[in-house]
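Engineer: Have a look at this fold, sequence not included:
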């Protein structure tokens with residue numbers, strides 16, 4: 001089905017977490033995503049994993065790090081004992097949806113080792129194609145508007161679904177269910193946990209051949 005109007009992505013408005021937000025504006029050109037934007041997305045994905053791991057470490061160790069140097073050793077620098085490490089690995093299993101085998105745990109010495117391992121083994125949301133379907137984005141915004149009473153104009157591509165729209169755990173589950181019903185798809189738990197932004201939703205749905 002052809003679009004009545006296409007869109008272009010402009011890096012000019014909607015600041016979210018210090019990252020320039022892409023704004024969709026109605027134009028007579030197809031959506032184009034530059035190599036620079038794609039690289040920024042990859043960098044942002046890795047940084048997001050690192051930030052989540054910092055939160056896990058803080059929750060287990062009772063620390064308040066805003067960031068952790070990649071070279072910091074868990075035992076000597078972060079003062080994590082065996083019980084702490086087990087708790088960290090358990091939280092990773094719950095948050096990222098996979099278990100780190102005992103033999104691999106022995107190889108994780110530094111925080112950087114952990115970030116690299118989780119980045120390599122966690123599922124990732126596929127990137128948006130060069131010409132994404134604007135109808136998907138519009139429908140996602142409608143669902144958020146209906147469920148959270150957020151004005152359509154404030155729902156941007158990089159908006160963080162939980163933080164920016166105040167979605168609690170139950171709200172988020174209902175949002176995922178609404179997406180599944182609307183697009184007649186299934187979003188496995190391991191992918192649902194990786195969905196952070198509106199763009200993540202859009203990209204995941206785009207990756208499925210039967211979303212329309």
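Structural biologist: Good, I have the coordinates. Values in this document were obtained by computation on a predicted structure and should not be read as measured data.
Engineer: pLDDT (mean, whole number) over stretch 104-115?
Structural biologist: In this model, stretch 104-115 has a mean pLDDT of 96.
Engineer: and that stretch, which residues are buried?
Structural biologist: 108, 110-115 (16 or more other C-beta atoms under 10 Å). Every residue, glycine included, has its C-beta placed from N, CA and C.
Engineer: I'd like to know which of those residues is nearest to residue 128.
Structural biologist: residue 115 (24.4 Å; C-beta to C-beta).
Engineer: isn't there a strand covering the closest one?
Structural biologist: No. Under DSSP: H, G, I helix; E, B strand; the rest coil, residue 115 falls outside any strand and is assigned helix.
Engineer: That one contacts residue 49, correct?
Structural biologist: Yes. Residue 115 lies in contact with residue 49 (C-beta atoms under 8 Å); the separation is 6.4 Å.
Engineer: what residue ranges in the chain score low on pLDDT?
Structural biologist: In the predicted model, the chain carries pLDDT under 70 at residues 1-47, 209-212.
Engineer: Show me the domain layout of it.
Structural biologist: 6-33+128-206, 40-121 (automatic domain parsing).
Engineer: re earlier: please produce a markdown table containing the buried residues of stretch 104-115, extended by distance to residue 53.
Structural biologist: Shown next, in a markdown table, are these (distance: C-beta to C-beta, whole Å):
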| residue | distance to residue 53 |
| --- | --- |
| 108 | 11 |
| 110 | 12 |
| 111 | 7 |
| 112 | 10 |
| 113 | 11 |
| 114 | 6 |
| 115 | 6 |
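Engineer: Tell me which residue lies farthest from the centre of this protein.
Structural biologist: residue 76 (31.3 Å; C-alpha atoms, centre = their mean).
Engineer: Now for that one: which residues touch it?
Structural biologist: Taking C-beta atoms under 8 Å, 6 or more residues apart in numbering as the definition of contact, residue 76 has no neighbours.
Engineer: just to revisit the earlier point, closest to residue 124 among the buried residues of stretch 104-115?
Structural biologist: For the buried residues of stretch 104-115, the nearest to residue 124 is residue 115 (14.0 Å; C-beta to C-beta).
Engineer: Thank you, goodbye.
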